[in-house]
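Chemist: quick check, what structure comes out for this input:
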Amino acid sequence: MSLHDDPQAPGDRLVTSAADGEDRAVEAALRPKDLGEFIGQERVREQLSLVLQAARHRAATPDHVLLSGPPGLGKTTLSMIIAAEMNAPIRITSGPAIQHAGDLAAILSSLTEGEVLFLDEIHRMSRPAEEMLYMAMEDFRVDVIVGKGPGATAIPLELPPFTLVGATTRAGLPPPLRDRFGFTGHMEFYAPAELEQVIHRSARLLDVRIDPAGAAEIAGRSRGTPRIANRLLRRVRDFAQVRHDGVVTKEIAEAALAVYEVDARGLDRLDRAVLHALLKLFGGGPVGLSTLAVAVGEESETVEEVAEPFLVREGLLARTPRGRIATAAAWEHLGLTPPRPTAFAQQEPLPEG
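Modeler: Next comes the predicted model:
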């Protein structure tokens, strides 16, 4: 059976940081309402608190805020906290939904004074809309083009002061856009101790009984991401309710996550399939991406964008000019012994395709 037949890979993986409908519903119930409740990201919280307090003292609209970092770390939650702290309404949209300047103009023209506009995946906004946003952020004005060709005219439209909160998973936004944000906060992956706090808080809200060892076990497999921690907690809760009807302990968490094929390091079936192919079939590499993808029955994009980032971050896989190679930690994690160097190891990687 290929990984395409696995219901957990790649779209329904427990350890993906992408949010599905269930995640969004649960996140709404678990979402902290102010900066004091928000766990982790201490540096960003302190800096953002100063920005908001200063705006309140001046009775002014806060500067535009850019939040960058991997998905699942709380950028949407912080945008809602910004609105709550300023006692302002919030409008939520995303870059992919704004493909024309007119789409953005319609949103901006309907904002009220002081409103927070949260623009998720801001890096995926179309270029015409991005250029319109420059003027809106700096001068609270947009030019609406009426007509086409030589007879087209620009009608200036004044906007009420508002706060744009942009979220991106990329650090490299175009400089003209990045420079218009008054505050930029980069969110880091969570430490296990912080994730344990997240899990204990979520367990209280979900009425799940869990002991410290059980929380630590889930935290250690959550890839430094609160969204994944909450998802794993829900699956462990299901296992405990159906098979044990008791407190979530370390042993119950281990048994539950074994059912869902999430190992002690947070790797799931797709991650291990990539490592297993790299080690067993290609002696640890180097091997080309396309060849590796064929070996695990996945598209190259899935291997590169879904599995590799975490494997590289964990030091289990490396990308080199000659191809993908496994590290000593990968051999150790799968309990395999690296082969002695052979002529194969000195060859160029297998061709792509």
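
Chemist: C-alpha from now on. contacts and neighbour counts both.
Modeler: Noted.

Chemist: pull up the distance across stretch 250-268, start to finish.
Modeler: Its first and final residues considered, stretch 250-268 spans 19 Å by C-alpha to C-alpha, to the nearest Å.

Chemist: that stretch: which residues count as buried?
Modeler: Across stretch 250-268, burial judged by 16 or more other C-alpha atoms under 10 Å covers 250, 252-254, 256-257, 260-264, 266-268.

Chemist: which one of the residues you listed is nearest residue 205?
Modeler: Among the buried residues of stretch 250-268, residue 253 lies closest to residue 205 (C-alpha to C-alpha), at 18.6 Å.

Chemist: show me what contacts that closest one?
Modeler: For residue 253, the contact set (C-alpha atoms under 8 Å, 6 or more residues apart in numbering) comprises 214, 217-218, 236.

Chemist: which two among the residues you listed are spaced furthest apart?
Modeler: Most distant of these, by C-alpha to C-alpha, are 217 and 236, 10.7 Å apart.

Chemist: and these two? which has more neighbours close in?
Modeler: residue 236 (25 against 21; other C-alpha atoms under 10 Å).

Chemist: find me the pLDDT at the more buried one, would you?
Modeler: We have a pLDDT of 93 for residue 236.

Chemist: check residue 149 too.
Modeler: pLDDT, residue 149: 60.

Chemist: residue 209 and residue 246 touch, don't they?
Modeler: Yes. Residue 209 sits in contact with residue 246 when judged by C-alpha atoms under 8 Å, with a separation of 7.4 Å.

Chemist: tell me how far the spatially most central residue of the chain lies from residue 182.
Modeler: Centroid-nearest residue in the chain, with C-alpha atoms, centre = their mean: residue 71, separated by 0.8 Å. In this view, residue 71 and residue 182 are 22 Å apart by C-alpha to C-alpha.

Chemist: what's the neighbour count on residue 320?
Modeler: 11.

Chemist: can you name the residues bridging to it?
Modeler: residue 323 (DSSP bridges).

Chemist: could you measure it against residue 326, distance?
Modeler: 11 Å.
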